[in-house]
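Peer 1: sequence and predicted model, in that order:
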Amino acid sequence: QPQLVESGGGLVQFGGSLRLTCAASQFRLDFYAMAWFRQAPGKEREKISCINNDARSTTYADSVKGRFTTSRDNVKNMLYLQMNNLKPEDTAVYYCAASTTPRCPGTFNSWGRGTQVTVSS
């Protein structure tokens, strides 16, 4: 059973930075597109980025474009989300997910449990 485990969340001040990590086990990431999602209280889950299996293409939601960067290390079987210039509206639980396809936009059927990010104003 594929497993994804997020880490790196926490409390940060407005304008600060955090780096989230997603560690994969029981399967190889290099076959699949990967994505980061987030869900704030009372809101629908939002896909914020998607990266192809070969990392040659990454897409971002408008809400994070220019502030967040997604990367991957297929050798280490890891996915990353660098978040800069954080705002209170970025407060959410962040999830990584693996697609069934190598290219974005992807169809995601493997999910981590999430990591909480809280941005104070």
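Peer 2: All right, it came through fine.
Peer 1: quick check: residue 46 touching residue 60?
Peer 2: No - the criterion here is Cβ atoms under 8 Å, and residue 46 misses it with residue 60 at 11.3 Å. Bear in mind the C-beta positions are built from the backbone N, C-alpha and C, glycine included.
Peer 1: name the element the residue sitting nearest the centre point of the chain belongs to?
Peer 2: Residue closest to the mean C-alpha point of the chain, counted by Cα atoms, centre = their mean, is residue 36 at 2.6 Å. Element membership for residue 36 (DSSP states H and E) is strand 34-39.
Peer 1: which strands and helices sit next to that strand?
Peer 2: On a contact count with 3 or more Cβ pairs under 8 Å, 6 or more residues apart in numbering; DSSP states H and E, strand 34-39 meets strand 18-25, strand 46-51, strand 68-73, strand 78-83, strand 92-99.
Peer 1: do that again at 10 Å, thanks
Peer 2: When contacts are defined as 3 or more Cβ pairs under 10 Å, 6 or more residues apart in numbering; DSSP states H and E, strand 34-39 sits against strand 18-25, strand 46-51, strand 58-60, strand 68-73, strand 78-83, strand 92-99, strand 108-111.
Peer 1: tell me what the residue nearest to the centre of the chain is bridged to.
Peer 2: residue 49, residue 96 (DSSP bridges).
Peer 1: what is the neighbour count of residue 24?
Peer 2: 24 (other Cβ atoms under 10 Å).
Peer 1: next: residue 51.
Peer 2: Residue 51 - counted by other Cβ under 10 Å - has 28 other residues nearby.
Peer 1: which one is it nearest to, not counting chain neighbours?
Peer 2: Ranked by Cβ to Cβ, 6 or more residues apart in numbering and with sequence neighbours excluded, the top spatial neighbour of residue 51 is residue 58, at 4.4 Å.
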